[in-house]
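**Student:** Show me how the following folds:
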Amino acid sequence: MADLKVVTVEIQGQQYPIKTSLDDTYVHRLAAHVEQRLQKAAQSAPSADTVGLAILTALNITDEYFRARAERAVETDTIAERAAALERIVDQALQLAD
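**Tutor:** Prediction:
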């Protein structure tokens with residue numbers, strides 16, 4: 001198991017110590033993404049409180065993740081279908097060669 005360390009990130013002016021085995025730069029990139037999404041949410045709902053913005057941001061990031069995961073599943077299915085079709089073509093070609 002990788003050694004854990006504390007990486008401190010700043011989001012919305014607040015510092016958060018994160019205990020992680022991930023690379024520091026990666027953790028800071030994650031925090032920057034969250035910060036960016038929070039700012040975008042604040043523009044969409046300027047009267048929302050901090051918790052409301054955090055929930056809205058979490059929902060938006062989760063939606064983005066679910067959509068990406070669904071796209072990947074479709075791509076995987078398409079690749080499997082194409083591989084099966086190629087396998088059938090090769091089998092037919094081998095039968096014709098006999």
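**Student:** Helix or strand with the lowest mean pLDDT in the protein?
**Tutor:** helix 50-97 (a mean of 89; mean pLDDT, DSSP states H and E).
**Student:** Just want the most central residue of the chain.
**Tutor:** In the chain, the residue lying closest to the centroid (CA atoms, centre = their mean) is residue 65, at 4.6 Å.
**Student:** Check the gap between that one and residue 58 for me.
**Tutor:** Per CB to CB, to the nearest Å, residue 65 is found 10 Å from residue 58. For the C-beta atoms, the positions are set from N, CA and C on the backbone; glycine is no exception.
**Student:** Identify the residues contacting residue 54.
**Tutor:** residue 38 (CB atoms under 8 Å, 6 or more residues apart in numbering).
**Student:** repeat for residue 21
**Tutor:** Residues in contact with residue 21 (CB under 8 Å, 6+ apart) are 1, 2, 3, 4, 5.
**Student:** run the last query once more with 7 Å
**Tutor:** 2, 3, 4 (CB atoms under 7 Å, 6 or more residues apart in numbering).
**Student:** Most neighbours among the residues you listed, which one?
**Tutor:** residue 4 (11 neighbours; other CB atoms under 10 Å).
**Student:** Can you report phi and psi for that residue?
**Tutor:** Backbone geometry at residue 4, expressed as degrees, to the nearest 10, gives phi -90, psi 140.
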